[in-house]
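S.K.: What shape does this take:
(one chain, ligands or ions: 1)
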Amino acid sequence: MNFKKILIPALCAANAIFAATVYQNQVGFVTNGLKQLVVIDGAGKTVSLKDSGGKVVFSSTVPEAQSWVPAGTDGSLVDFSEIKTAGTYKIFIGDEEVGHPVVISNNALEAVAKGALKFFYFQRASTALDEKYAGKYARDAGHPDTSVKYHASTGHDASLGETFKAPKGWYDAGDYGKYIVNSGISTYTLLQLYQQNKAYFDTLNLNIPESGNKIPDILDEIRWNLDWMLAMQDEDGGVFHKLTTLKFAGMVMPSQTNAQRYAIGKGIEATWNFAAVMALAADIYSAFDSKFASTCAKAADKAHQWAIPHAAEKYTQPKDVSTGSYTGAGLWPLRIWANAELYRISQNKNYMEDMHYLPINSSKASLQSWSNSSMLWAFTTATSPKAFEKADVDTAKAMIFRFADEYVKSLENNGFGVPMVRSDFYWGSNGGAANKGMILIHAYILSKDEKYLNAAIGIADYILGRNPLDLSYLTGYGVNQVMNPHHRPSQADEIEAPVPGMVAGGPNASATDCAKSYVDGDAVAKSYYDNSCSYSTNEVAINWNAPFAYLVGSIQAILATGKVYDTSNGKSSASYELTAIPSSKAKFSPVKAGSRLIVKDNSVLLERTAPDGTKRYFNLRGKKLR
Ligand code: 9MR
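M.R.: Model (predicted):
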């Protein structure tokens, strides 16, 4: 028997059990920014970083481990921000090399910011992707959307078989649908990224077909989606909810699908959302294309005119449709957001009046998502103090700091330095994390207090590898990358590596698909499966990439330029004369919130009417009926 053969692997295994582990951002740290890593099982040992010549440039004792509940394991947070020289470093615990190379440079996050933005190019519908821009991911055009039918749910007579054109736009996610509600928040997030970091993005080259046309590439990319959104407005001003097939396509390339595409639904959520986004676009594009900008402003106002008398007309998913529903977005948050954006570009008091049809209450806010836009109202209002009344600006700021302070507080005694809690691990948790980062960046812009910027950096680090799976959730970037996202082109293109620059949805403690057996109640941050069968943990989506691009783009721009958005310039650069029908003149009386007993479907039910007009029914024991 060869004892050596048995002994050596056994010793190595023992070593592996007792060796410390390091989790870290696997992509890079901006030279003048916060730099942290997490050590597991290393308390009391010496952690050091050595430069490429083997010289120790940082050394410290690993502190006591502290808990971070989502990881299910304690960690010791080590801060090596004192290294201010660009380079690539190796991490050692004692004499043992651990973790991954640490890259420090002035533009460490620029590649990921560009990559996350380039994703939107890869998601373009109705065009071929040329090798010049897409490299090996070049593909044929799909979904021209020049012959889109009206589904009966749009209010059009579907039996006439009429079609209309709504090309362009971005595919929503791993599927080929285009959904107004979700593309609206994504577009707004990217517009804000530009608005707040103009100097940086004016010259950032994304290598897209429009590069070099004198318009910043990020705005060219956003325009691709705005053009589609504009085509989704019906003649009466209402906006169709989505443009999809009736069922999801198979796992094929865009050019291989030919099922009929429909405009589906026309509802208040899409219409408010559209109005808000178009109004912000009208401001931003006025500097580059005043005709287009004024088209956006008029479209926003027309949407508003439809919205007021149809304020309770929520989208419901038709029975014959099974693509993403995006139903149930809060109506009050949408309404205040759209009115604020419209007021900001016109100063027309009718919008202000409609924004205040209910008191704006900061305690009603929740983290922004496709289903809740109250923070989008807050971002715009808080950063435009010259455009809004002081009371509203104060409320908006209170909303931002309420969340930002809560996140910063959650970093106390937090072993991973990540401001996320157990309940943050839902479908699209990485998008939620990035959206928290967006709140923190706003708190930083408004206060210049570094604790907010640092907390935001912690979130970027988490997504780029400082997590208990030692995984970079951004395809194409990092040492251990996501390789099998639920993304049709990546699955069908026969290229091993997925399309780069995509943020995977992330751990989901409620996953019920093939990731179910990976759900870990004791370590929710591990409830993830890098397999394309898991749409609930491993799909990609524009509304997750957009806040991630906002987060890393803002951090890079702020640290590299040393400039922070000056909110005293937060007024709109253009002022539009808009019709703005006052809510009082519309044939619509705001509903009174409350409850009453009614007889319905042969039984006595409790009917609850929310302030936005939504009705819900309960039986007398309180069980929700529909
Ligand atoms: O992001 C959406 C998530 O909040 C929902 O829980 C989930 C289930 O309804 O749907 C997600 O959105 C998907 C959409 O319905 C269709 N395109 C892919 C989206 C990302 O998974």
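
S.K.: and whichever residue of the stretch 201-350 of the chain sits closest to the ligand, helix, strand or coil?
M.R.: Residue of the stretch 201-350 of the chain nearest the ligand, by Cβ to the nearest ligand atom: Gly324 (2.4 Å). Where you see a C-beta, it was placed from the backbone N, CA and C, and this is true even at glycine. On the three-state scheme (DSSP: H, G, I helix; E, B strand; the rest coil), Gly324 is labelled coil.

S.K.: Please list the residues of the stretch 301-450 of the chain that sit near the ligand.
M.R.: Within reach of the ligand by Cβ under 6 Å from any ligand atom, the stretch 301-450 of the chain has these residues: 324, 326, 427-428.

S.K.: let's see 5 Å
M.R.: Proximity of the stretch 301-450 of the chain to the ligand, by Cβ under 5 Å from any ligand atom, involves residues 324, 427-428.

S.K.: Ok, the chain next?
M.R.: 172-173, 175, 324, 427-428, 539, 541.

S.K.: Swap in 8 Å and give it another go.
M.R.: 172-175, 177, 179, 182, 323-326, 369-371, 426-428, 431, 486, 505, 535-536, 539-541, 543-544 (Cβ under 8 Å from any ligand atom).

S.K.: My read is that Ser325 contacts Lys319, right?
M.R.: No: Ser325 sits out of contact with Lys319 when judged by Cβ atoms under 8 Å, with a separation of 11.8 Å.

S.K.: Give me the subset of the residues of the chain next to the ligand lying in helices.
M.R.: 182, 431, 535-536, 543-544 (DSSP state H).

S.K.: Run through the stretch 401-550 of the chain and note the low-pLDDT ranges.
M.R.: Along the stretch 401-550 of the chain, the model assigns pLDDT under 70 to no residue.

S.K.: follow-up on the earlier one: could you pull up the residues touching the residue of the stretch 201-350 of the chain closest to the ligand?
M.R.: Neighbouring residues of Gly324 by Cβ atoms under 8 Å, 6 or more residues apart in numbering: 172-173, 175, 177, 179, 182, 242, 244.

S.K.: Also Leu230?
M.R.: Leu230 touches 278, 295-296, 299, counting by Cβ under 8 Å, 6+ apart.

S.K.: and it, what helix or strand is that in?
M.R.: helix 217-231 (DSSP states H and E).

S.K.: Report the separation between the residue nearest to Gly476 when sequence neighbours are not counted and the ligand.
M.R.: Spatially, and ignoring its direct neighbours in sequence, Gly476 is nearest to Pro500 (2.8 Å; Cβ to Cβ, 6 or more residues apart in numbering). Per Cβ to the nearest ligand atom, to the nearest Å, Pro500 is found 19 Å from the ligand.

S.K.: Could you do Ala71 as well?
M.R.: Separation of Ala71 from the ligand (Cβ to the nearest ligand atom): 23 Å.

S.K.: I'd assumed Ser472 was in contact with the residue nearest to Gly476.
M.R.: No: using Cβ under 8 Å as the test, Pro500 is too far from Ser472 to be in contact (11.3 Å).

S.K.: Compare neighbour counts for the two and give me the winner.
M.R.: Using other Cβ atoms under 10 Å as the criterion, Pro500 and Ser472 rank with Ser472 on top: 25 against 20.

S.K.: which residue sits closest to the more buried one, ignoring its sequence neighbours?
M.R.: Gly478 (2.5 Å).

S.K.: does that neighbour count as helix, strand or coil?
M.R.: Relying on three-state DSSP, one would call Gly478 coil.

S.K.: Doesn't Asp394 belong to a helix?
M.R.: Yes: looking at Asp394 with three-state DSSP, it is inside a helix.

S.K.: which SSE is the residue nearest to Gly476 in?
M.R.: Applying DSSP H and E, one finds Pro500 in no helix or strand.

S.K.: Return the distance of the strand or helix carrying Ser48 from the chain's centre.
M.R.: Using DSSP H and E, the element containing Ser48 is strand 46-50. Chain-centre distance of strand 46-50: 36 Å, with Cα atoms, centre = their mean, to the nearest Å.

S.K.: With stretch 56-68 instead?
M.R.: 32 Å.

S.K.: ok, now stretch 457-473?
M.R.: Counting by Cα atoms, centre = their mean, stretch 457-473 comes out at 16 Å from the chain centroid.

S.K.: Same check on stretch 300-320?
M.R.: The answer for stretch 300-320 is 24 Å, by Cα atoms, centre = their mean.

S.K.: Then stretch 210-228?
M.R.: Here stretch 210-228 is found 19 Å from its chain centre; the criterion is Cα atoms, centre = their mean.

S.K.: So which bits of it are buried?
M.R.: In terms of neighbour count (16 or more other Cβ atoms under 10 Å), stretch 210-228 has its buried residues at 210, 215-226, 228.

S.K.: Likewise for stretch 549-563?
M.R.: Neighbour-count burial for stretch 549-563 [16+ other Cβ under 10 Å]: 549-560.

S.K.: Which residues are in contact with the nearest residue to Ser583 once chain neighbours are set aside?
M.R.: Nearest non-adjacent residue to Ser583, counting by Cβ to Cβ, 6+ apart: Asp354, 4.6 Å away. Listed by Cβ under 8 Å, 6+ apart, the contact set of Asp354 reads 308, 335, 339, 582-583.

S.K.: switch the cut-off to 7 Å
M.R.: Taking Cβ atoms under 7 Å, 6 or more residues apart in numbering as the criterion, Asp354 is in contact with 308, 339, 583.

S.K.: can you confirm it is in a helix?
M.R.: Yes: the assignment for Asp354 by three-state DSSP puts it in a helix.

S.K.: distance of it from Glu341?
M.R.: According to Cβ to Cβ, to the nearest Å, Asp354 stands 12 Å off from Glu341.

S.K.: Let me know how buried the residue nearest to Leu471 when sequence neighbours are not counted is, in neighbour terms.
M.R.: Excluding the flanking residues, the one nearest Leu471 by Cβ to Cβ, 6+ apart is Asn480, at 5.1 Å. Neighbourhood size, Asn480 [other Cβ under 10 Å]: 13.

S.K.: Check Asp74 too.
M.R.: 16.

S.K.: if I read this right, it contacts Ser67, doesn't it?
M.R.: Yes: in this structure, Asp74 is within contact of Ser67 by Cβ atoms under 7 Å, at 5.2 Å.

S.K.: if I look at those two, which residues touch both of them?
M.R.: Common neighbours of Asp74 and Ser67 (criterion: Cβ under 7 Å, 6+ apart): Gly415.

S.K.: For stretch 407-419, which residues meet the burial criterion?
M.R.: 407-408, 410-411, 414-419.

S.K.: May I see those arranged in a markdown table, with secondary structure and distance to Glu607 as well?
M.R.: Formatted as a markdown table, these follow (DSSP: H, G, I helix; E, B strand; the rest coil; distance: Cβ to Cβ, whole Å):
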| residue | secondary structure | distance to Glu607 |
| --- | --- | --- |
| Tyr407 | helix | 38 |
| Val408 | helix | 42 |
| Ser410 | coil | 39 |
| Leu411 | coil | 44 |
| Asn414 | coil | 45 |
| Gly415 | coil | 48 |
| Phe416 | coil | 46 |
| Gly417 | coil | 48 |
| Val418 | coil | 43 |
| Pro419 | coil | 40 |
